[in-house]
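In: just coords:
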């Protein structure tokens, strides 16, 4: 039982870190694509998907919107923000008897409020929201752990 709980607690932290890191990487990548007209968008998007460990679709032109949909809001893609937040919540559910009520509510609310679509003009705010929710969860964990 202790090993199951320890494993769940480890993965909660790992998935929260992954969602925060992915949000930061995507924010910088998408900003770079907007600012630099010389970057070939399809090639840069394929490289990012490859680095993030995601399957790179063949035969389709990739752009900012497709990368955002794959790495941010696709709940079935293991490299996505939505998947990481859902996995953190699932691990908290498995260790519910140990996880504090504040952390459970934070992860549950974050998962419930995860959008299924992010408008193009709200992308930066979405990444800020992910970073904020990740920081909140980490703060709750650090305040409750000796």
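Out: Arrived safely. Because the structure is predicted, anything quoted here is derived from the model rather than measured.

In: which residues of the protein fall in helices?
Out: 2-35, 41-51, 64-68, 81-94, 101-113, 123-144 (DSSP state H).

In: remind me what the last one packs against, helices and strands.
Out: In other words, helix 123-144. For helix 123-144, the elements it packs on are helix 2-35, helix 81-94, helix 101-113, judged by 3 or more Cβ pairs under 8 Å, 6 or more residues apart in numbering; DSSP states H and E. To be clear about C-beta, it is placed using only N, CA and C from the backbone, and glycine gets the same treatment.

In: any figure for the gap between the residue nearest to residue 23 when sequence neighbours are not counted and residue 5?
Out: Beyond its immediate neighbours in the sequence, the residue positioned closest to residue 23 (Cβ to Cβ, 6 or more residues apart in numbering) is residue 130, lying 4.0 Å away. In this structure, residue 130 and residue 5 are separated by 26 Å, where distance is defined by Cβ to Cβ, to the nearest Å.

In: what about these two, which has more around it?
Out: For residue 130 against residue 5, the residue with the higher neighbour count under other Cβ atoms under 10 Å is residue 130, and the figures read 24 against 16.

In: need the contact list for the more buried one.
Out: 19-20, 23, 81, 85 (Cβ atoms under 8 Å, 6 or more residues apart in numbering).

In: pLDDT wise, what is it at?
Out: Note for residue 130: predicted pLDDT of 97.

In: give the residue spans of the chain that score low on pLDDT.
Out: By pLDDT under 70, the low-scoring segments of the chain are 1-2, 146.

In: can you tell me the centre-most residue of it?
Out: residue 81 (2.0 Å; Cα atoms, centre = their mean).

In: isn't that residue up against residue 70?
Out: No. With contacts defined as Cβ atoms under 8 Å, residue 81 does not count as touching residue 70, sitting 10.5 Å away.

In: relative to residue 113, how far out is the residue nearest to residue 23?
Out: Residue 130 is 11 Å from residue 113, where distance means Cβ to Cβ.
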